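> Build me a model:
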Amino acid sequence: MVNYVRHRTFKGVALSVAFAVSAAAQAQAPVYDVNNPQGSDLEKRITVLERMVDSRTQMQHRLQQQLDTMQGEIDNLRGAVEVHTNQLEKVLQRQRELYLEIDKRVEALKQSVGESDATQTNLSANRPDNTTAGNSSSSSSNRASQAGEEEAYDNAVNLILESREYDKAIPAFQSFISDFPNSQYAANAHYWLGQLLFNKQNWQQAKAQFSEVADRFKKSSKRAEALLKLGVIEQRLGNTEQAKNYLNAVISEYPNSSARKLAESRLSSL
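Numbers count the residues shown, from 1 in each chain. Take a look at the predicted model:
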């Protein structure tokens with residue numbers, strides 16, 4: 001009887017312990033549930049968003065680099081067009097001068113042939129000669145000055161477009177501006193000098209040259225580009241409001257120019 005009671009008691013205790021262990025296991029199981037996907041999904045989403053932001057930033061950086069590269073190529077192409085245009089203008093100017101010389105000689109010949117009196121013929125022949133000599137001397141002086149001006153400008157431009165000696169081009173344009181301040185190429189010279197300084201990130205010196213184009217040469221074909229570059233410089237210097245003013249000036253004053261599109265692109269990023 002005693003053994004029976006002990007057996008039943010032992011069996012009851014064993015069952016109680018088993019139930020207690022099972023209940024404890026069931027109560028603690030959720031704490032160590034490794035199959036819960038919520039935390040893992042949140043981390044994955046954050047990682048994906050970070051990658052998307054990084055990818056977008058890199059894409060914007062590449063687009064900006066492409067825009068800067070295209071702007072440089074456009075400047076080089078415009079420079080080449082200027083050189084060819086200058087050469088063509090020289091040829092046309094020389095032809096005009098030749099036609100004028102021919103007209104003068106024909107008129108002088110007509111006057112000498114039409115005179116019947118030998119004395120009057122000599123006088124009339126001498127006067128055209130003296131006039132022609134004076135005009136020829138003045139014309140030769142003007143041609144020499146113009147030739148020196150054009151040669152100096154062409155040499156400076158060729159240092160950029162042909163030999164690509166940019167460091168030598170800077171003093172060449174500075175000398176040209178100093179020697180020929182009222183030249184027909186003065187606006188272009190200031191612009192090219194500003195571009196060279198811009199490429200070297202000499203912002204203040206470049207700003208001075210572009211401002212010269214924008215303020216002094218209102219009708220210059222380089223003025224729109226100069227205003228655009230002034231906007232870019234102010235942006236680089238952290239002067240956002242001033243940059244907006246220059247970019248808006250490009251858009252309003254030159255709506256049909258290629259500079260307008262670049263100004264709009266810059267303005268949208270401010």
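> what's the neighbour count on Arg236?
Using other CB atoms under 10 Å, Arg236 has 13 other residues around it. The way it works is simple: take the backbone N, C-alpha and C, and place the C-beta from them, glycine included.
> same check, this time on Asn182
6.
> close enough to count as contact, Gly194 and Leu228?
No - with contacts counted by CB atoms under 8 Å, Gly194 stays clear of Leu228, the gap being 11.3 Å.
> show me the contacts for Asp179.
149, 152 (CB atoms under 8 Å, 6 or more residues apart in numbering).
> Show me which positions of the helix or strand harbouring Gly231 end up buried.
Per DSSP states H and E, Gly231 falls inside helix 223-236. Residues 223-235 are the ones in helix 223-236 that count as buried (16 or more other CB atoms under 10 Å).
> Distance of the residue nearest to Gln242 when sequence neighbours are not counted relative to Gln205?
Leaving aside its chain neighbours, Gln242 sits nearest to Glu234 (4.3 Å; criterion: CB to CB, 6 or more residues apart in numbering). Applying CB to CB, to the nearest Å, the value for Glu234 to Gln205 is 15 Å.
> What separation do you get for the residue nearest to Gln242 and Gln71?
Glu234 is 17 Å from Gln71, by CB to CB.
> What of Glu82?
Distance from Glu82 to Gln71, by CB to CB: 16 Å.
> Also Asp167?
Taken as CB to CB, the span from Asp167 to Gln71 is 21 Å.
> again with Leu230
Relative to Gln71, and taking CB to CB, Leu230 is found at 14 Å.
> Arg45 too?
39 Å.
> do Arg236 as well
14 Å.
> next one: Leu193
Going from Leu193 to Gln71 by CB to CB gives 17 Å.
> Who has more neighbours out of the two?
Leu193 (26 against 18).
> ok, now which ones touch the more buried one?
With the criterion set at CB under 8 Å, 6+ apart, Leu193 makes contact with 170, 173-174, 177, 209.
> Helix or strand: which one has it?
Using DSSP H and E, Leu193 falls in helix 186-199.
> Starting from that helix, tell me the next helix or strand along the chain.
Counting by DSSP H and E, what follows helix 186-199 is helix 203-216.
> tell me what that following helix is packed against?
Counting contacts by 3 or more CB pairs under 8 Å, 6 or more residues apart in numbering; DSSP states H and E, helix 203-216 packs against helix 186-199, helix 223-236.
> what does the average pLDDT come to for the last one?
Right, the one you point to is helix 223-236. Across helix 223-236, the average pLDDT comes to 94.
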